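*Asks:* using only what follows, build the 3D model:
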Amino acid sequence: MRTVPVQIKNLRLGVAALVMLVGSFVGLTVPASAHYVYRWGSGMYYSGDDCVDGYSETSHGNGQGYSKSIVHALKKSGTDTNCGQEFYRPPGSLRVRQALMYRFGNGWSVCGETGYLYNRDTASYMTVTRTYTGVCSPQTYDTQSFAHEYNGYWKGGILWSGGHWLPT
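*Replies:* Numbers count the residues shown, from 1 in each chain. Predicted coordinates for the structure are as follows:
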């Protein structure tokens with residue numbers, strides 16, 4: 001008779017563990033509503049000496065839209081085959097242009113853009129952020145970041161953040 005309460009207790013623990021296990025799987029399959037979307041572009045440009053990485057983000061920000069773009073200049077050091085060392089560039093050698101794009105029919109339209117902005121001081125990276133006071137319409141938005149560094153010529157590329165729904 002003494003073993004019955006122990007078996008029931010073990011049964012209760014087993015059922016509780018099973019419920020928690022199933023609950024954790026169900027929790028993992030429920031889609032989350034992201035507050036922001038981003039893409040990190042490692043190796044947007046990769047050469048024998050230097051590399052350019054970029055970052056592009058779209059989020060709710062103040063509730064009406066926020067974009068963030070980063071250009072990051074790196075170089076190889078010694079016998080290292082990967083770009084892992086900061087590559088400090090003089091003023092005017094890093095640039096970022098940012099365009100907030102919105103879904104329009106089967107294509108994309110520009111809601112707002114910055115034009116090219118350049119680093120004012122010697123730096124290996126530059127960040128551009130923009131908060132919007134209103135977006136063009138309730139729609140899916142995507143930040144298009146143009147990220148480049150100058151070392152004989154402009155090196156880099158274009159990076160899209162990924163689509164994110166923004167209300168008006």
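*Asks:* look at residue 56 and report its pLDDT.
*Replies:* pLDDT, residue 56: 96.
*Asks:* go on, residue 70?
*Replies:* The model's pLDDT for residue 70 equals 97.
*Asks:* surely it and residue 127 touch.
*Replies:* Yes. If you go by Cβ atoms under 8 Å, residue 70 and residue 127 touch, sitting 4.9 Å apart. To be clear about C-beta, it is placed using only N, CA and C from the backbone, and glycine gets the same treatment.
*Asks:* can you tell me the closest non-neighbouring residue to the residue nearest to the spatial centre of the chain?
*Replies:* Central residue of the chain (Cα atoms, centre = their mean): residue 38, 2.1 Å from the mean position. Using Cβ to Cβ, 6 or more residues apart in numbering and skipping residues adjacent in sequence, the residue nearest residue 38 is residue 57, 3.9 Å away.
*Asks:* distance check, that neighbour against residue 46.
*Replies:* Residue 57 is 22 Å from residue 46, where distance means Cβ to Cβ, to the nearest Å.
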